[in-house]
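>>> Quick check, what structure comes out for this input:
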Amino acid sequence: MSEREKMTQGLLYYPNDPELVQGRLNARRVMRKITAISEDDEPKRKLLFRELFADTGNEFYIENPFICDYGYNIHWGENAYANFGCIILDAAPVYIGKNVMMAPGVKLMTASHPLDFKARNSGIEFAESIHIGDNVWLGAGVIVNPGVKIGNNSVIGSGSVVVKDIPENVVAVGNPCKVLKNIDNLE
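I've put the predicted structure just below:
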């Protein structure tokens with residue numbers, strides 16, 4: 001099994017593997033091209049994002065700067081939007097639903113490291129998928145940790161650190177992020 005296969009399946013892997021190093025270098029080349037494109041040429045930007053990502057919706061928008069590890073593990077939903085400074089560490093797959101809104105500085109982090117310092121010092125790491133449901137709004141500066149699922153229609157308040165799954169139809173805030181209220185009950 002290749003290091004890339006281990007990485008995307010949540011197993012321990014070595015990120016210094018030549019295939020993974022090339023994957024990160026390729027992502028940086030494509031992101032540099034995207035950044036250099038004029039704001040007036042959105043079709044060209046979308047074409048490059050489609051080259052970078054596993055798949056995208058027909059309509060989407062991502063502000064510069066945008067940073068990711070590989071890109072090929074990102075599944076970007078229809079009409080999903082990311083404001084300035086979005087960072088996605090996509091060692092594992094990241095699924096972004098339809099109509100997702102990400103405010104400035106949102107970070108989706110699939111990568112993690114062993115707790116045991118000897119294993120961690122060996123350079124080995126692992127990653128866990130992130131799933132963002134449809135119609136989710138992530139406020140400014142939200143950090144989503146490895147393995148988290150955020151349910152459809154939920155809102156995550158600015159500055160929250162999401163370390164556990166969040167159900168559908170709720171407002172959740174804080175560090176660690178906790179459900180504040182059900183959206184169905186808002187007046």
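
>>> Check whether Lys107 really touches Val142, as I assumed.
Yes - the criterion here is C-beta atoms under 8 Å, and Lys107 meets it with Val142 at 7.4 Å. Every C-beta, even on glycine, is put in place using the N, C-alpha and C of the backbone.

>>> which one of these two has more residues nearby?
The neighbour comparison of Lys107 against Val142 (other C-beta atoms under 10 Å) goes to Val142, with 24 against 18.

>>> so the more buried one touches Val163, yeah?
No - counting by C-beta under 8 Å, Val142 does not reach Val163; the two are 11.8 Å apart.

>>> Low-confidence bits of the chain, can you list those?
185-187 (pLDDT under 70).

>>> max-length helix in it?
helix 18-36 (DSSP state H).

>>> which of the residues in stretch 115-132 are buried?
Within stretch 115-132, the residues scored as buried using 16 or more other C-beta atoms under 10 Å are 124-132.

>>> Mind checking which of those residues land in helices?
Among the buried residues of stretch 115-132, no member lies in helices (by DSSP H).

>>> ok, those residues vs Tyr70, which is closest?
Closest approach to Tyr70 among those (C-beta to C-beta): Ala127, at 10.2 Å.

>>> Contacts only, for that closest one.
Contacts for Ala127 (C-beta atoms under 8 Å, 6 or more residues apart in numbering) come out as 7-8, 10, 13, 89, 91-92, 110-112, 146.

>>> need the contact list for Asn73.
8, 54, 90-94, 110.

>>> mind running it again at 10 Å?
Taking C-beta atoms under 10 Å, 6 or more residues apart in numbering, we find Asn73 in contact with 4, 7-8, 23, 53-54, 88-95, 110, 127, 129-130.

>>> so how far is Val106 from it?
17 Å (C-beta to C-beta, to the nearest Å).

>>> Please enumerate the helices of this protein.
So, for the chain - with DSSP H - the helices run 3-8, 18-36, 42-52, 117-121.

>>> roughly how far is the shortest one from the heart of the chain?
Pointing back at helix 117-121 there. 26 Å (C-alpha atoms, centre = their mean, to the nearest Å).

>>> and for it, what are the contacting residues?
Taking C-beta under 10 Å, 6+ apart as the rule, helix 117-121 contacts 12, 113-114, 125.

>>> Between all of those residues, which two are separated the most?
Within the contacts of helix 117-121, two members stand farthest from each other by C-beta to C-beta: Leu12 and His113, at 9.9 Å.
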